[in-house]
Each structure stands twice: as C-alpha cells, then as structure tokens.
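Peer 1: Can you look at this prediction? I've put the sequence above it.
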Amino acid sequence: MRQSRLFGKTEKTDRPDVTLTSHKLLTKGGFIRESVSGRYFLLPLGMRVANKITDIIREEMNSAGAQEMISPTLHPLELWQETNRDNAGNFGLMLVTDRRGARFALGGTAEEMFVDVARKFQLSYKDLPFNIYQFSTKFRDELRARGGLLRVREFVMKDAYSFDVDATAFHSTYQTMAQVYDRCYTRMGLSAKQVLADNGYIGGEYCHEYIVDCSAGESRYLETADGSYCAHEDVATVGLVPMNSEEPLEDMEVITQPQWVKSMADNIKHYGEPEWRYLKNVVYKKIDTGDLVIVTIRGDLEVNKTKLEKVLGAIELLEEATSDDLARLGVKPGYVQAWGHTATYVADLSLKTVRNFIGGQKTDTTDTRNVNYGRDFAHPIEADVALAQPGHVSPDGHLLHERRGVEVGNIFQLGTHYSSAMAGATFMAKDGSLQPYYMGCYGIGIGRTLATIVEIYNDEKGIVWPESVAPFKVHVVALNTDDQALRDWADGIYENLLSRGIDVLYDDRDVRAGEKFADSDLIGIPYRVVVSKKSKESGLFEVVSRSSGETHYLGEDDLINRLTS
RNA sequence: CGGGGUGUAGCAUAAUGGUAGUGUACACGGUUUGGGACCGUGCGGCCCGGGUUCGAUUCCCGGCUCCCCGACCA
C-alpha cells in the first residue's frame, strides 16, 4: 500500500477530552474515527488490524471444529419474547419496525437466533455435538459509552454457540473452547487470564471471563497470590474467618444510645469497637414487584448485588431502595431493623462469624447489644452475598488481592437454559426421547481486543504492534524523494517486496523525513526499512525494529530473506 | 437516568452586545531536506430553535451534542 493513497491521516494534536492511551493513539494514528458517542469508523489501517485479529480467531475456531456462518442482524422480536428477554432487567434492546409492522430486535447477542436455526432441523444425537459461530455487528444500548473502543454501543463480536447431548459431553466442548481462547490471545500477544464470572442476563450456571490486566480496564477481580483462586468481584466468595470465637456469649440487652449516633462512623466513635462488631442492614427493591428485601450483614462488609440477585432468583431485577421505599416500612435510612419489618430478610453468612453484635433494633435513643445470630434472630435465607475485597480470604483461606483488567472475551455454560425455554429446541436421543440441547456460548469482542492490544503495546512515540496483528509487516520509508531517480529506485524496491508477498506500507509521500519517522513510530509497524540516497550508495538498507529499536543494515536479498522467513 | 461541564475552521484554541484572531492541517509559490524546518499567499468557522435588543457568536430559556462522575453494563 502506498501511503500517499491511504485513506485516513495521522494527527499531530491531541484532543483534550481523549484520555485513554488506546483511544488517543488509535485516533492520532488514523486507525479509527468517532461517528457519534460509542460508534466508530474503523479506517483502513484499523480494519487491517481487525482483520488480522479476526483471522487468528477464525483459524483457531475452525481448527477446533467450529463452523462459521452468519445470522440476520434483525432478530424477530418473538424469539426474545420466547425466552422472556425482550424486557429483561436493564438490557436495553433496540427495536426496529418494518413497513408491515413486524418488530425486530437489533441483535446484541444471538442465543435465540442460533437455537432457532438449530430447531429448524430434525436433529438426532448423531448430529451432536456441533459448534457454530459468526462475526457480526452487535448492538448494545449502553447507558454510557466510554474509553474509545473499550465500551461502545455497536461493535463486531465473534459469538459461538455449542450444542451437546449432555453436561458430560459439554464439559469437553467447554475445555476445548478454553484452549482455543488461550491460543487466540497468546497469538495476539495478550496474556489473558481465565476468571470465574457471573452469567448475568445471558443465563446458565457458570462462565469465565478472559481478562487482560490493565489499568484502563473496568473489570475488577480477586486472586490469591499463587493463582489458586481467581474470580470476578461479582461472584468471588468471601472466605469466613471467626472474628471473636473466644468471647463468651452475653445476654442481649437494650441500651440507651445518644441520638447523634447514626452512621457506622458514629458507632465507632461512640462504642470504640471495630466495624465488624456492628450489624448492618441494606435494603433493596425488586423492580418487577416492588417487594422489599433486607440484607443483614456484618458491619465491615458490603452487599454484592449480583450475588444477592442470584440467591433470590431475581437476575437484573434488584435496585437500591429509596427513602420513599423505606417509608413504606415506617423507617428512615439508618434505622432499618435486623428483624421485625415486613420484608424478605436475607442473612449474609458473615453473621455467623461474630459473637455479641451491636445493633439491630435501633431507635432514636436506644439500640441492642450482645445480639447473636441464630439465638436472638435468624433469617429464612442464609447465603454468601458479601462483596469480596482485597484483604479478605479465598474459600481455601488464602489472602485475596485485587486486580483490574479488560474483559476481552468470555465463555458461558448455558446448559438447557435456552433450549428448555424455546419450544421444539430438542434432539432425538438414542433411547427415542426428545431432549433439549446442552449449550454453551463464547464471545470475543474484536474492537475491544484491538484496543486492549494498544493499551499493552505502546511507548511514548506511539503504538508498537505485535507482528501477528500489525496492519503491515514492514514500513518502507523513502527519503530524498525529490530526486526522481531515487524515487524510481525506491518504487522498485517497494514493487520487489510486494511481489514477494510481503505486507508492506510504502511511505512515498512528498514530506520531510522527520514527519515520516514520527508517523512511522506512531503507526507502529514492526519493521521500518529506510530507502534513501545513503542506501542506494551503500547498497545497504537500515532496518529498525519498532519494539526493540535494534538497527541492522542489510542488502536487498538479505532484507527479503529476513522479511519472508 | 441523576449530578457537573462543554459546544467558535478538519483538529487545537482566543476575544467580543456592533459580522471573529492565532496555531496546526489543507492548496499554491519559494528556500530547505535523516526526526514534525522556514518565508509568503490563499481556502475555511460562532451546535439548533425561541426570547431580550436597533443589533446576539456573546445575555436569557428550551433542545441537542460531546466529555467527566455516579447508576448501569459482554
């Protein structure tokens, strides 16, 4: 490609509102351009990188036996109604209506469509397993797009759907896909960690995210030093350690308490006891029914809404209660009682780690102390609904550390979640019975992966692409192009490299050397070959590695050997 | 969706109740030519609607945009 013909230009100035490294470099380098918030043009340079990423994923998927296909982008709304996802929680489906009034969802994920295509065939156990996938544009009506390509409203995703006869067979498919993901990310130069995560509105029982550690990331997870436990904050289990098991149980009593004692900080000031000593009550409301849920938890812990939703079977259906909601209970914020209200009470397991709590029946002037869970009160639902924090321990008792990164992909166990919900999504088993498919699904966001690579591979001058995903393998920079003979000679070198099948960007522009070098550094192609008067005279080309800065001087044949090896 | 901010040329910015200046980019000419060089010339702009006013880019109201924080979220 001749750079003089390349659509898309580099920019010298930074936009002041662009703070993220990948966003800045991709914009300045002419890889992407914003259309409106959360929607981007992928320019020719960016498209080349996206294609390299896509090719790697396609190769690995195909070698694992998955089959590429494509589904319509507009999904008949009835399909989403069949699985009750048309108005699930906060997942904003975007709808379009055609001229006949038929309603469609703009696909944000495609479980229903792939189940639908499967059930159009009379499948037998002999047809299973299979794994079908697509690369297609997904639409997510994000409340807030941010971070350049890291969180957008419209993006290309590889999504795969596997169909197995049962959990045992599925397990092997899941492992295979995990290996495919490992190979994909490794080939792209990314070190992606498999992290236990939450299925959310996708459904199913378990899933894993692939997270690349990076400060720009929005995914927070917790891990032990040796990696023996690694889980997203949404699901991380809080290991229970008794706080004061040596303390004798005291009798519960009502005590007077000054009126100024309202918050946790006030408690500490008044009683001089640490946070874990107090009972804390957190109130949620079910979005669909308006029912209130009170979680009682140890004072030093916070409630993890995701875990709570899972316990209550109310995925994406809880929100924090407002003071108006509390008024329905007859209380103000800060005065919720650990027992006695008309609501669904949930006890966090941490209540069993403390003897002689303070709190639980707060009024303006009194409260209770020496409260013991199981003796003085107990809730019908007991579960681990606490938010894991660094400093807590894993279930096997090791210290948890906090990590942050970008979720570049995920794999989900779906089980029969969709195939049971959708009529006729069955195969004929060996014994002649109709069984729902046992499914999994597997996604990789192309643009987000691309941006993550830039987050990891850059320096003060620009992007430093790993060779596997670089837009070109070599950047030929021609200098002294005002001399027609030298220009013709440089053209010849370029044509020669092209004819050998080398992926080359040829800077034939009539601009100064400094500008060419600056652009070359910014674009970040792995090898730069300078073609100049000097090289013509010496017969040697300066070859610079973008990543190491190492420079070699090679003759034309050696150069070609090196670039084709 | 709540809070805050913003909107002037492709991009970055300045000033102003009386029709807008600079840098960069772009076009042309010249001097340059291995790290964004210089000189000259030129092209190009006040988010939209309403109000106040003799006159609004400026002040007021509304809308929209984009950014940040929160909520939310592969």
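Peer 2: Okay, I see it. Numbering: from 1, shown residues only, chains lettered A, B, ... in the order given.

Peer 1: ok, how many other residues are close to A:Thr322?
Peer 2: 11 (other Cβ atoms under 10 Å). Using the backbone N, CA and C atoms, a C-beta is placed for each residue, glycine as well.

Peer 1: Just give the closest residue to it, not the sequence neighbours.
Peer 2: A:Lys285 (7.8 Å; Cβ to Cβ, 6 or more residues apart in numbering).

Peer 1: for whichever strand or helix holds the one you found, the distance to its chain's centre please.
Peer 2: Here A:Lys285 is covered by strand A:279-286, with elements defined by DSSP states H and E. Chain-centre distance of strand A:279-286: 28 Å, with Cα atoms, centre = their mean, to the nearest Å.

Peer 1: From the contact counts, what lies against that strand?
Peer 2: Under the contact criterion of 3 or more Cβ pairs under 8 Å, 6 or more residues apart in numbering; DSSP states H and E, strand A:279-286 touches strand A:292-298, strand A:318-320, helix A:323-329.

Peer 1: Paired strands for it, with orientation please.
Peer 2: Looking at strand A:279-286 with DSSP bridges, its partner strands are strand A:292-298 (antiparallel), strand A:318-320 (antiparallel).

Peer 1: what mean pLDDT would you report for the helix or strand following the longest one?
Peer 2: Later in the chain than strand A:292-298, the nearest helix or strand by DSSP H and E is helix A:305-312. Helix A:305-312 shows a mean pLDDT of 89 in the predicted model.

Peer 1: how about CSV for the helices and strands packed on strand A:279-286, with distance to A:Asn84 and mean pLDDT added?
Peer 2: Formatted as CSV, these follow (distance: least, Cβ to Cβ, whole Å; pLDDT from 0 to 100):
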stretch, distance to A:Asn84, mean pLDDT
strand A:292-298, 21, 92
strand A:318-320, 17, 82
helix A:323-329, 25, 81
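
Peer 1: Now mean neighbour count too, for these, in JSON lines please.
Peer 2: Rendered in JSON lines, the data for the helices and strands packed on strand A:279-286 read as follows (neighbours: other Cβ atoms under 10 Å):
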{"stretch": "strand A:292-298", "mean neighbour count": "23"}
{"stretch": "strand A:318-320", "mean neighbour count": "15"}
{"stretch": "helix A:323-329", "mean neighbour count": "14"}
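
Peer 1: Same list (these) but as TSV, adding distance to A:Gln3.
Peer 2: Shown next, in TSV, are the helices and strands packed on strand A:279-286 (distance: least, Cβ to Cβ, whole Å):
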stretch	distance to A:Gln3
strand A:292-298	60
strand A:318-320	53
helix A:323-329	61
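
Peer 1: So the residue nearest to A:Thr322 sits against A:Val293, correct?
Peer 2: Yes. A:Lys285 lies in contact with A:Val293 (Cβ atoms under 8 Å); the separation is 7.3 Å.

Peer 1: dump the residue contacts of the spatially most central residue of chain A.
Peer 2: In chain A, the C-alpha nearest the mean C-alpha coordinate belongs to A:Glu407, at 2.7 Å (Cα atoms, centre = their mean). Listed by Cβ atoms under 8 Å, 6 or more residues apart in numbering, the contact partners of A:Glu407 are A:209-211, A:217-219, A:448.

Peer 1: Please list which of the residues you listed are also close to RNA strand B.
Peer 2: Among the contacts of A:Glu407, proximity to RNA strand B is found for A:209, A:218, A:448 (Cβ under 7 Å from any atom of the strand).

Peer 1: Closest to RNA strand B out of the contacts of A:Glu407?
Peer 2: A:Arg448 (4.2 Å; Cβ to the nearest atom of the strand).

Peer 1: Now, of the ones next to RNA strand B among the contacts of A:Glu407, which are buried?
Peer 2: A:209, A:448 (16 or more other Cβ atoms under 10 Å).

Peer 1: if you look at the ones next to RNA strand B among the contacts of A:Glu407, which of them are in helices?
Peer 2: If you go by DSSP state H, the ones next to RNA strand B among the contacts of A:Glu407 have A:Arg448 in helices.

Peer 1: nearest to A:Gln337, of the ones next to RNA strand B among the contacts of A:Glu407?
Peer 2: Nearest to A:Gln337 among these: A:Glu218, at 36.2 Å, using Cβ to Cβ.

Peer 1: can you pull out the strands in the stretch 101-250 of chain A?
Peer 2: Along the stretch 101-250 of chain A, the segments classed as strands by DSSP state E, counting those that start in this stretch run A:103-106, A:123-124, A:130-139, A:154-164, A:192-197, A:207-213, A:219-224, A:230-232.

Peer 1: Could you dump those into TSV and include mean pLDDT?
Peer 2: Formatted as TSV, these follow (pLDDT from 0 to 100):
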stretch	mean pLDDT
strand A:103-106	89
strand A:123-124	97
strand A:130-139	96
strand A:154-164	96
strand A:192-197	94
strand A:207-213	94
strand A:219-224	92
strand A:230-232	93
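
Peer 1: so which of those strands gets nearest A:Thr416?
Peer 2: Here strand A:154-164 is closest among these (Cβ to Cβ), at 10.4 Å.

Peer 1: okay, the angle between that closest one and strand A:130-139?
Peer 2: 160 degrees (axes from the mean of the first three to the mean of the last three Cα atoms, to 10 degrees).

Peer 1: Go through strand A:154-164 and flag the buried ones.
Peer 2: A:154-164.

Peer 1: and it, how far out from the chain's middle?
Peer 2: Put simply, strand A:154-164 sits 14 Å off its chain's centre (Cα atoms, centre = their mean).

Peer 1: again, but for stretch A:439-455
Peer 2: 8 Å.

Peer 1: And for stretch A:81-100?
Peer 2: 23 Å.

Peer 1: what does that stretch contact?
Peer 2: A:74, A:77, A:80, A:103-106, A:108, A:111-112, A:139-143, A:201, A:287, A:315-317, A:418, A:421-423.

Peer 1: Could you work out the end-to-end span of it for me?
Peer 2: 19 Å (Cα to Cα, to the nearest Å).

Peer 1: tell me the mean pLDDT over it?
Peer 2: Here the average pLDDT along stretch A:81-100 is 76.

Peer 1: Likewise for stretch A:543-550?
Peer 2: With pLDDT averaged residue by residue, stretch A:543-550 scores 96.

Peer 1: Using PDB, write out every CA atom in it.
Peer 2: Taking C-alpha atoms only, stretch A:543-550 is exported to PDB below (Å, rounded to 0.1, in the frame of the first residue of the first chain):
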ATOM      1  CA  VAL A 543      16.200  -1.900   9.100                       C
ATOM      2  CA  VAL A 544      14.800  -0.800  12.500                       C
ATOM      3  CA  SER A 545      12.700  -3.000  14.900                       C
ATOM      4  CA  ARG A 546       9.900  -0.900  16.300                       C
ATOM      5  CA  SER A 547       9.800  -2.900  19.500                       C
ATOM      6  CA  SER A 548      13.500  -3.200  20.400                       C
ATOM      7  CA  GLY A 549      14.800  -0.200  18.400                       C
ATOM      8  CA  GLU A 550      17.600  -2.500  17.200                       C
END
